[in-house]
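> predicted model and sequence follow; I will ask about them next.
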Amino acid sequence: MGNAKYVRNAAVLALCGCFLWVGGGCHPSRGTSRPLIGITSVYEPARPGKEAKTTVEFAYVAAVAENGGVPVVLPTIDDEQALRKYVRTLDGLVLIGGDDIPPEAYGEKPHEMVVPLEKHRYDFERKLIARWLESGKPLLGVCLGMQFTNVVSGGTMIQDIPSEIGTKVNHKGYHRVQIEPGSILARLLNSREASVLSSHHQAVDRLGKNLRPIAHSDDAITEALERTDGPFGLFVQWHPELMTDIAHRNAIYGALIHACVQSK
């Protein structure tokens with residue numbers, strides 16, 4: 001998965017189940033309340049002299065706020081009641097990037113290049129994704145977020161692209177993807193091709209339930225998925241929130257916000 005550096009942003013952290021909301025951005029439409037968009041986070045366990053903390057790259061927050069959503073950063077807390085309230089209260093969800101899903105989750109032994117997610121985050125996010133999919137609410141998965149949704153849905157992973165597939169495409173930088181015509185992504189970008197910014201060494205292998213591939217790189221790696229069972233669900237292997245192409249970023253994050261407004 002992606003190894004992008006995460007920075008602490010105390011202004012948007014939601015600690016101990018308490019939400020701290022970020023203002024700004026444009027309203028989806030006049031008279032329409034701005035949807036609450038949950039954003040998952042990276043858990044860093046306590047170390048000698050340092051407390052445990054929840055972090056998130058601010059680009060995710062900015063992309064949600066700039067497209068009319070109210071960002072709500074979700075700490076990886078072990079609290080069943082809070083988890084249920086997240087699903088009940090939030091209008092949409094962004095699953096962010098991070099380390100690798102433990103291969104045991106899809107019945108395989110780990111490749112030597114696997115860097116597994118911290119267990120605290122893995123346990124929280126696995127339950128959150130499963131319940132969110134059941135809720136039918138709009139969902140955007142970015143990088144790990146796409147991979148994690150696939151595994152929770154019963155799919156598997158290519159554990160290391162360079163050693164298992166090859167190095168034809170640099171998946172830790174900008175590269176080209178081909179987009180399936182008629183897909184949600186083709187409609188959003190109005191194109192069958194895009195240059196995207198990735199940071200990952202793993203990829204979707206066997207597809208999970210209710211997911212279909214809608215973009216591929218030149219080495220046949222699945223680069224995007226969409227839900228096939230009705231609700232808005234878009235999953236991209238790249239990081240639109242970090243791209244210099246503002247129209248691309250806003251098309252994807254704006255689609256999530258629009259879906260939330262339409263479903264309210």
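That came through, no problem.

> quick one, strands of the protein?
36-39, 42-44, 53-55, 70-73, 92-95, 139-142, 157-158, 174-179, 193-197, 203-204, 211-217, 222-227, 233-236 (DSSP state E).

> low-confidence ranges, the chain, go.
Across the chain, the ranges flagged by pLDDT under 70 are 1-32.

> which residue of it sits farthest from its center?
Here the chain reaches farthest from its C-alpha mean at Gly49, the gap being 31.2 Å by CA atoms, centre = their mean.

> Lys209: neighbouring residues, count only.
12 (other CB atoms under 10 Å). Heads up, the C-betas are built off the backbone N, CA and C, glycines and all.

> distance of it relative to Gly155?
From Lys209 across to Gly155, the span is 8 Å (CB to CB, to the nearest Å).

> sorry, back to before: quick one: which of the strands of the chain is nearest His258?
His258 sits nearest to strand 92-95 of all the strands of the chain, at 9.9 Å, using CB to CB.

> okay, helices next: where are they in this structure?
Assigned by DSSP state H, the chain shows helices spanning 58-66, 80-89, 119-135, 144-152, 161-164, 184-189, 246-263.

> Ile214 is in contact with Ile179, correct?
Yes. In terms of CB atoms under 8 Å, Ile179 counts as a neighbour of Ile214; the distance is 6.5 Å.

> who are the contact partners of Thr222?
If you count contacts by CB atoms under 8 Å, 6 or more residues apart in numbering, Thr222 has them with 203-204, 207, 213, 215-216, 237.

> that one and Arg121, how far apart?
Counting by CB to CB, the gap from Thr222 to Arg121 is 23 Å.

> what do you get for Val204?
20 Å.

> give me the more crowded residue out of the two.
Val204 (24 against 21).

> how close does the nearest residue to that one once chain neighbours are set aside get to Glu108?
Spatial nearest neighbour of Val204, chain neighbours left out: Thr222 (4.5 Å); criterion: CB to CB, 6 or more residues apart in numbering. Per CB to CB, Thr222 is found 17 Å from Glu108.

> cool, Arg131 as well?
The gap separating Arg131 from Glu108 is 25 Å, by CB to CB.

> send the alpha carbons of stretch 34-50 over as PDB?
Extracted in PDB, the C-alpha atoms of stretch 34-50 (Å, rounded to 0.1, in the frame of the first residue of the first chain):
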ATOM      1  CA  ARG A  34     -23.500  20.400   4.100                       C
ATOM      2  CA  PRO A  35     -23.100  16.600   4.500                       C
ATOM      3  CA  LEU A  36     -20.900  15.200   7.200                       C
ATOM      4  CA  ILE A  37     -18.000  13.200   5.700                       C
ATOM      5  CA  GLY A  38     -16.100  10.800   7.900                       C
ATOM      6  CA  ILE A  39     -12.400  10.400   7.100                       C
ATOM      7  CA  THR A  40     -10.500   7.400   8.500                       C
ATOM      8  CA  SER A  41      -7.100   8.000  10.100                       C
ATOM      9  CA  VAL A  42      -3.700   6.500  10.900                       C
ATOM     10  CA  TYR A  43      -3.200   5.200  14.400                       C
ATOM     11  CA  GLU A  44       0.300   5.600  15.800                       C
ATOM     12  CA  PRO A  45       0.700   3.500  19.100                       C
ATOM     13  CA  ALA A  46       2.400   5.000  22.100                       C
ATOM     14  CA  ARG A  47       6.200   4.800  22.300                       C
ATOM     15  CA  PRO A  48       8.600   5.600  25.200                       C
ATOM     16  CA  GLY A  49       8.100   9.300  25.900                       C
ATOM     17  CA  LYS A  50       5.300   9.700  23.300                       C
END
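
> and it, how far from the chain's centre?
14 Å (CA atoms, centre = their mean, to the nearest Å).

> give the buried residues for it.
Neighbour counts over stretch 34-50 (16 or more other CB atoms under 10 Å) mark 34-44 as buried.

> before I go, just wanted to say thanks for your time.
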